[in-house]
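Peer 1: turn this into a structure:
(chains A and B)
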Amino acid sequence: MPIKGGGFQKKSKASQEVPTSSLADIAFLLLIFFMVTTVFQSDRDRPIEWARAASAEKIDEKQKNILNIWMERDGGVYINDQPHTMEQVTAVVGPLYAASERALVISVRGDREAPYVWVDQLQTALVNAGVVRVVFATQLEQSMQRERR
Amino acid sequence: MAILDKKKSKVSAGVQMASTADIAFLLLIFFLVTTTFPKDKGLSIVLPEQGEEAQVSQRNILHLIVQPTGIVDVKRGESQQMVQMRPSEIDGLWRQEVSANPNMIAAVKTHPDAPYKFMVDVLDALKTANAERISLQILEN
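Peer 2: Okay, here's the model as predicted:
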């Protein structure tokens, strides 16, 4: 009966196990790295009073495919933190819409007291920019609140 | 005195630190799983493409004229008869209308000075009644 390995025992000084003591450190480092580099929203909220609607649905679209257009009570229009005039909207939204391969959803965030004429102008500008999908962003209203009104 | 000083305890003096990372990960995974980011809510509409505004027979149109006071004047097709309503009454009306005529289109005409919220109220009522054919216009003169 020959001895396996010819009688030589293979000896290694290296440990058989992978050192795992620094695993947690590595994981936390990654965690902190991603926490620091993650950007959630590109534009800051404007001070508007939201319109309320009971049948508001969640916008089923990726965050990066939603473009917010803020419309303040005094007529200020803001896109990506930049103030614009109503006439500029078509020129600003058009290229963004083309760049997104027509996947962009415009979220109109109007102040509830803003006169409708601005909403209409904005809508015309969006049609001219070729936009199809528009959402009038609202806060969800409970039906209880509606009855009290 | 000397005997009293030599108190011996079998319990280890240090707090067990080996499982700290496990606990931290458990918490982390728990919060990762339970966090939901607030999604935007709203009333979605599909705008007509440029130059594709369709002509519709007056018979199939329900005119909803939103006044600056929030009162809605409801006018059916070519008839001149107008009924005044509150936005919250429109969903019931729409259900009636659409069961009588499935091709009905709601034409929401808002006065230029009417606050945006009244248009949203009407749109909300129509959405509540599952209306799909809605036209948003501005009231001329």
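
Peer 1: every contact and neighbour count from this point should use C-alpha atoms.
Peer 2: Noted.

Peer 1: tell me, what residue is most central in chain B?
Peer 2: By Cα atoms, centre = their mean, the mean C-alpha position of chain B lies nearest to B:Gly42, the distance being 3.5 Å.

Peer 1: where is the longest helix in chain B?
Peer 2: helix B:20-34 (DSSP state H).

Peer 1: any low-confidence regions in chain A?
Peer 2: A:1-7, A:9-11, A:40-42, A:143-149 (pLDDT under 70).

Peer 1: nearest residue to the middle of it?
Peer 2: The C-alpha lying nearest the average C-alpha coordinate of chain A belongs to A:Gln63 (Cα atoms, centre = their mean; 2.7 Å).

Peer 1: re the thing from before, got the contact list for the longest helix of chain B?
Peer 2: Identification of contacts with helix B:20-34 by Cα atoms under 8 Å, 6 or more residues apart in numbering or on different chains yields A:Ala24.

Peer 1: could the C-alpha coordinates of that helix be exported in PDB?
Peer 2: Extracted in PDB, the C-alpha atoms of helix B:20-34 (Å, rounded to 0.1, in the frame of the first residue of the first chain):
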ATOM      1  CA  THR B  20     -21.500  45.000  16.900                       C
ATOM      2  CA  ALA B  21     -21.000  44.700  13.100                       C
ATOM      3  CA  ASP B  22     -23.700  42.100  12.900                       C
ATOM      4  CA  ILE B  23     -26.100  44.300  14.800                       C
ATOM      5  CA  ALA B  24     -25.200  47.300  12.700                       C
ATOM      6  CA  PHE B  25     -25.800  45.400   9.400                       C
ATOM      7  CA  LEU B  26     -29.100  44.000  10.700                       C
ATOM      8  CA  LEU B  27     -30.300  47.600  11.400                       C
ATOM      9  CA  LEU B  28     -29.000  48.800   8.100                       C
ATOM     10  CA  ILE B  29     -30.800  46.100   6.200                       C
ATOM     11  CA  PHE B  30     -33.900  46.600   8.100                       C
ATOM     12  CA  PHE B  31     -34.000  50.300   7.300                       C
ATOM     13  CA  LEU B  32     -33.000  49.600   3.700                       C
ATOM     14  CA  VAL B  33     -36.000  47.300   3.300                       C
ATOM     15  CA  THR B  34     -38.600  49.400   5.100                       C
END
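
Peer 1: got the contact list for the helix or strand where the residue nearest to the centre of chain B lies?
Peer 2: Assigned by DSSP states H and E, B:Gly42 belongs to strand B:41-46. Strand B:41-46 is contacted from outside by A:53, A:55-59, A:132-140, B:123-124, B:127, using Cα under 8 Å, 6+ apart.

Peer 1: now with 10 Å?
Peer 2: A:51-60, A:105-109, A:131-140, B:120, B:123-124, B:127, B:132-136 (Cα atoms under 10 Å, 6 or more residues apart in numbering or on different chains).

Peer 1: just confirm A:Glu87 contacts A:Leu122, I think it does.
Peer 2: Yes. Counting by Cα atoms under 10 Å, A:Glu87 touches A:Leu122, with 8.9 Å between them.

Peer 1: the more surrounded of the two?
Peer 2: With neighbours defined as other Cα atoms under 10 Å in any protein chain shown, A:Glu87 and A:Leu122 compare such that A:Leu122 has more, 20 against 11.

Peer 1: wait, is that one part of a helix?
Peer 2: Yes. Counting by DSSP: H, G, I helix; E, B strand; the rest coil, A:Leu122 is part of a helix.

Peer 1: next, count neighbours for the nearest residue to A:Leu67 once chain neighbours are set aside.
Peer 2: Spatial nearest neighbour of A:Leu67, excluding adjacent residues (Cα to Cα, 6 or more residues apart in numbering or on different chains): A:Ile106 at 4.9 Å. Neighbourhood size, A:Ile106 [other Cα under 10 Å]: 22.
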